[in-house]
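Engineer: here is my input, please return the structure:
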Amino acid sequence: MKTRVLTRRSFALAAAGLLSGAERWKGGPPAPFLKEIETLRAEHNVPGISAAWLENGRVTWMAGFGSTDAEGKSRVDEKTIFAAASLSKPVFALAVLRFRDQGGLDLDKPLQDYLPFSEDERTRRITARHVLSHTTGLPNWRFKPGVLRANFEPGSRFGYSGEGYFLLQRVVETLSGEPTEMFLRRRVFSPLQLRDSSFIGPSVPGYDSKGQPSRILPPAYLERVQAVIEEMKIDYTTITTEQSLAVAAKVAPAALPVYVSPNSAGSLTTTATDFAVIMKTLAQTKAMHEPLIQANGADWWGLGAGIERTDSGSYLGNNIVDKMALVGHT
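Structural biologist: Residues are numbered from 1 along each chain as shown. Presented below is the predicted three-dimensional model:
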């Protein structure tokens with residue numbers, strides 16, 4: 001059997017194509033979609049998948065396929081929590097936009113004015129709008145200690161950056177007086193009644209293309225983090241970014257954002273049911289639909305999400321040309 005090359009983006013777009021052509025139904029998605037999930041899962045050594053169906057703004061169906069581990073010990077169900085990785089970014093962006101609407105933040109005011117963080121003149125011009133549209137000029141991540149510096153003029157071109165999101169995370173904590181988890185809970189999780197989503201919660205492990213467990217941070221590191229948190233007598237449910245950096249300084253090679261949780265760029269854990277509601281909300285958030293900067297050929301980026309234009313409409317996403325895909329037809 002010939003195995004198809006699959007990325008999360010291609011799978012999501014294929015699924016969207018199947019669903020957009022389906023007639024309205026009740027009780028579950030069309031049979032070809034269900035069959036395709038199982039086929040792709042088997043072809044690509046994916047132990048488990050969780051899927052939810054959203055219709056007329058409501059989750060009307062959810063199902064788990066396979067197990068949470070390669071041994072098949074625990075089945076995936078509606079409460080299985082997965083790591084969302086970079087799909088955390090649109091969720092944090094949604095919270096930031098709601099904070100802006102509350103008068104808490106000016107998207108076009110330099111972040112330096114809120115929280116001094118740089119001596120470099122160009123880097124000091126970075127704004128929240130630059131962060132959300134990935135035009136800060138900052139690197140994606142630093143893995144060695146060093147000065148955080150923009151590599152090009154902010155706003156002039158696209159450059160995907162987790163560091164930018166983490167910087168904005170520190171700013172909104174300063175302005176709101178709330179830890180990141182509380183900031184998200186008050187503006188996204190609680191209003192949308194998402195009971196199984198968190199930026200500091202646990203999740204089942206991911207698996208690579210060879211069917212081997214794969215985590216952004218290895219279990220041994222996470223165990224050490226937990227031990228240090230207990231030693232420092234920190235309440236993890238209300239941990240601040242500065243506290244997280246202090247913990248990382250004791251555990252990681254350096255106190256760098258890539259080693260820190262909560263992390264607005266990548267630490268969301270959630271269920272398929274919760275994330276379906278998130279997708280609906282993103283599709284309804286018009287501020288995210290305006291193309292601001294061209295990225296990767298035909299694709300554009302707006303405030304917190306990538307935008308792909310097709311003959312059948314527009315799709316919102318994240319890392320839409322790479323490994324991470326969030327596809328919402330608008």
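Engineer: wait, is Trp53 part of a helix?
Structural biologist: No. Looking at Trp53 with DSSP: H, G, I helix; E, B strand; the rest coil, it is strand, so not inside a helix.
Engineer: that one contacts Leu34, correct?
Structural biologist: No. Using Cβ atoms under 8 Å, Trp53 is not in contact with Leu34; the gap is 10.6 Å. (C-beta placed from N, C-alpha, C; glycine too.)
Engineer: neighbour count winner among the two?
Structural biologist: Trp53 (19 against 15; other Cβ atoms under 10 Å).
Engineer: checking the nearest residue to Ser176 once chain neighbours are set aside next. Helix, strand or coil?
Structural biologist: Spatially, and ignoring its direct neighbours in sequence, Ser176 is nearest to Phe183 (5.5 Å; Cβ to Cβ, 6 or more residues apart in numbering). Following three-state DSSP, we place Phe183 in the helix state.
Engineer: residues near Phe183, how many?
Structural biologist: Counted by other Cβ under 10 Å, the residues lying close to Phe183 total 25.
Engineer: list the contacts for the residue nearest to Arg122 when sequence neighbours are not counted?
Structural biologist: Leaving out its chain neighbours, the residue that sits closest to Arg122 by Cβ to Cβ, 6+ apart is Ala150, at 5.0 Å. With contact set as Cβ atoms under 8 Å, 6 or more residues apart in numbering, Ala150 has these partners: Asp120, Arg122, Thr123, Arg125, Ile126, Thr136, Gly137, Leu138.
Engineer: quick one on the thing from earlier: how much space separates the residue nearest to Ser176 from Ala305?
Structural biologist: Phe183 is 19 Å from Ala305, where distance means Cβ to Cβ, to the nearest Å.
Engineer: do Asp113 as well
Structural biologist: 26 Å.
Engineer: ok, now Thr240?
Structural biologist: Between Thr240 and Ala305 the computed distance is 27 Å (Cβ to Cβ).
Engineer: so the residue nearest to Arg122 sits in a helix?
Structural biologist: No. Assigned with three-state DSSP, Ala150 falls outside any helix and is coil.
Engineer: now do it against Pro47, distance only.
Structural biologist: Using Cβ to Cβ, Ala150 is found at 41 Å from Pro47.
Engineer: return the residues in contact with Phe152.
Structural biologist: The neighbours of Phe152, taking Cβ under 8 Å, 6+ apart as the test, are Gly137, Gly159.
Engineer: okay, it: pLDDT?
Structural biologist: Phe152 is assigned 97 on the pLDDT scale.
Engineer: alpha carbons of stretch 72-82, as PDB, please.
Structural biologist: C-alpha atoms of stretch 72-82 as PDB (Å, rounded to 0.1, in the frame of the first residue of the first chain):
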ATOM      1  CA  GLY A  72      -3.700   0.800  23.400                       C
ATOM      2  CA  LYS A  73      -4.200   0.900  27.100                       C
ATOM      3  CA  SER A  74      -6.400   4.000  27.300                       C
ATOM      4  CA  ARG A  75      -9.100   4.900  24.700                       C
ATOM      5  CA  VAL A  76      -9.500   8.400  23.400                       C
ATOM      6  CA  ASP A  77     -12.900   9.900  24.400                       C
ATOM      7  CA  GLU A  78     -14.600  13.300  24.700                       C
ATOM      8  CA  LYS A  79     -12.600  14.200  27.800                       C
ATOM      9  CA  THR A  80      -9.100  13.400  26.400                       C
ATOM     10  CA  ILE A  81      -6.900  16.500  26.600                       C
ATOM     11  CA  PHE A  82      -4.400  17.100  23.900                       C
END
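Engineer: list the buried ones in that stretch?
Structural biologist: Within stretch 72-82, the residues scored as buried using 16 or more other Cβ atoms under 10 Å are Val76, Thr80, Ile81, Phe82.
Engineer: contacts for it next, please.
Structural biologist: Stretch 72-82 has contacts (Cβ under 8 Å, 6+ apart) with 47-50, 62-68, 196, 201-204, 206, 269-273.
Engineer: quick one, helices of the stretch 201-330 of the chain?
Structural biologist: Using DSSP state H, counting those that start in this stretch, the helices of the stretch 201-330 of the chain run over 219-231, 241-251, 272-284.
Engineer: right, I'll leave it there.
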